[in-house]
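Colleague: Quick one, structure for this:
(one chain, ligands or ions: 1)
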Amino acid sequence: MSARRRLVVLGATGTVGRQTLELIRDFPDLWEVVGISAHSNQAALKELAQAHPEAQSWLTSQDVQREALLPFLQEGNYDVCLHAMVGAAGLPFSEAVLRAGKTLALANKESLVLGGAWLCQLAREHHAEILPVDSEHSAIHQCLHARTPADIRTLYLTASGGALRDLSPDEQKKATPTQVLNHPNWDMGPRITVDSATMMNKVFEIIEAHHLFETPASQIQVLVHRQSIIHSMVEFQDGSILAQMGPPDMKFPIHYALFGPHRQPSPLQGFSPELFQNLTLEPARLSQYPALALAQQALDAGPAGGAVLNAADEIAVEAFLAGQIPFHHIVSLCETTLQAIPSLPGENLALILAADAWARDFAQQACATPPL
Ligand code: MG
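Modeller: Alright, predicted model coming up:
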């Protein structure tokens, strides 16, 4: 790489955004930050803007600034956009980056859950690239290097099992928000931590993997791997398996999204005997995690199925954290919403957002009228 590559970081004040900026600080000859955005943390954004005086900055909770960010992304005066915004609001920004034909390093999982088929099509049309930043998908992407979907027999997504992994289904029913928010391995936001305990996070990751790696959900299996060292694995048609491993630290997938497939030397520490001893893998049982049935159901529900499921889950998680519904109702509310809403089109942003709004309304009403 001769010239410096120009980077935009969306969601720069969040965990992934901050780690990205920290990581490239070691490579000033290779990367230049040309844009940063934050949702509402004005003070933190100001601080980052001072550290990167060459970068434009946007506070996307303010309409005018959000509206200015979209044309900037479309004009494409950058090489890579690391997209770490949170939630469905990230979707139009993914669209803008792909339409500009740029590289989208994607940590905003809602983009693929809501509009995976549409965005992957846009990427093909505009010769843009989607690089996964999610640890599991980064692992699979690395294992698949230079191989095609026809080579894949099975994708194994690993899951920590979440905070309730040692409780029986009956004990889970009484789980409190405090219990659920105590994740054993990863330090993440509240929604994804709850999604980790219900396994809804893995449901969304199956949908993402289906789109990213052109693999049917029936060929994607979830394994409970308590240590979060094996980030995912691919079994090829010849029966051979490749796994990607490393400490549970988001800097690894961010680093690969920025530099891969080149193995850029980094200060990150890989193997340690303490972390790598006693690695275990067990099938994720449907009796323990009923959510796992929903990935196939969402994909069967057509192009907006992911949007419907995501909206229902977001409402259900909020209701659980507010003490309005018990833990096990999160998954049943998602299933009820998916079944109640007929197959909807999802071939553009407006259709996807309409499905999202419909599902949100339905789920909100269902939360307000117990029992489910
Ligand atoms: Mg993940």
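Colleague: I would like the residues contacting the worst-scoring helix or strand of the chain on mean pLDDT, please.
Modeller: Least confident helix or strand, the chain: helix 169-172 with a mean of 90, by mean pLDDT, DSSP states H and E. The contact list for helix 169-172, computed with C-beta atoms under 8 Å, 6 or more residues apart in numbering, reads Leu164, Ser287, Gln288, Phe327, His328. Heads up, the C-betas are built off the backbone N, CA and C, glycines and all.
Colleague: and the gap between the closest residue to the last one other than its chain neighbours and the ion?
Modeller: Spelled out, it's His328. Distance criterion C-beta to C-beta, 6 or more residues apart in numbering; nearest residue to His328, sequence neighbours excluded, is Lys173 at 4.9 Å. Computed as C-beta to the ion, to the nearest Å, the Lys173 to the ion distance reads 26 Å.
Colleague: Neighbours of Lys173, how many?
Modeller: Residues near Lys173, counting by other C-beta atoms under 10 Å, number 12.
Colleague: ok, now Val86?
Modeller: Neighbour tally, Val86, other C-beta under 10 Å: 17.
Colleague: tally of neighbours for whichever residue of the chain sits closest to the ion?
Modeller: Nearest to the ion, among the residues of the chain, is Asp134, at 4.3 Å (C-beta to the ion). Using other C-beta under 10 Å, Asp134 has 27 other residues around it.
Colleague: Surely it touches Ala107?
Modeller: Yes: at 6.6 Å, Asp134 counts as touching Ala107 under the criterion of C-beta atoms under 8 Å.
Colleague: For Ser168, list the residues it contacts.
Modeller: Contacts of Ser168 by C-beta under 8 Å, 6+ apart: none found.
Colleague: backbone phi and psi for it, please?
Modeller: Main-chain dihedrals, Ser168, degrees, to the nearest 10: phi -70, psi 160.
Colleague: Ala319 sits in which helix or strand?
Modeller: Using DSSP states H and E, Ala319 maps to helix 305-321.
Colleague: Give me the next element, helix or strand, following that helix.
Modeller: Downstream of helix 305-321, the next assigned helix or strand under DSSP H and E is helix 329-340.
Colleague: how close does the residue with the shortest distance to the centre of the chain sit to Ser61?
Modeller: In the chain, the residue lying closest to the centroid (C-alpha atoms, centre = their mean) is Lys109, at 2.9 Å. Noted for Lys109: a distance of 21 Å to Ser61, by C-beta to C-beta, to the nearest Å.
Colleague: Then Met200?
Modeller: Remark: distance between Met200 and Ser61 (C-beta to C-beta) = 26 Å.
Colleague: Show me which of the two is the more surrounded one.
Modeller: Met200 (29 against 13).
Colleague: Isn't the more buried one up against Leu292?
Modeller: No: in this structure, Met200 is not within contact of Leu292 by C-beta under 8 Å, at 9.3 Å.
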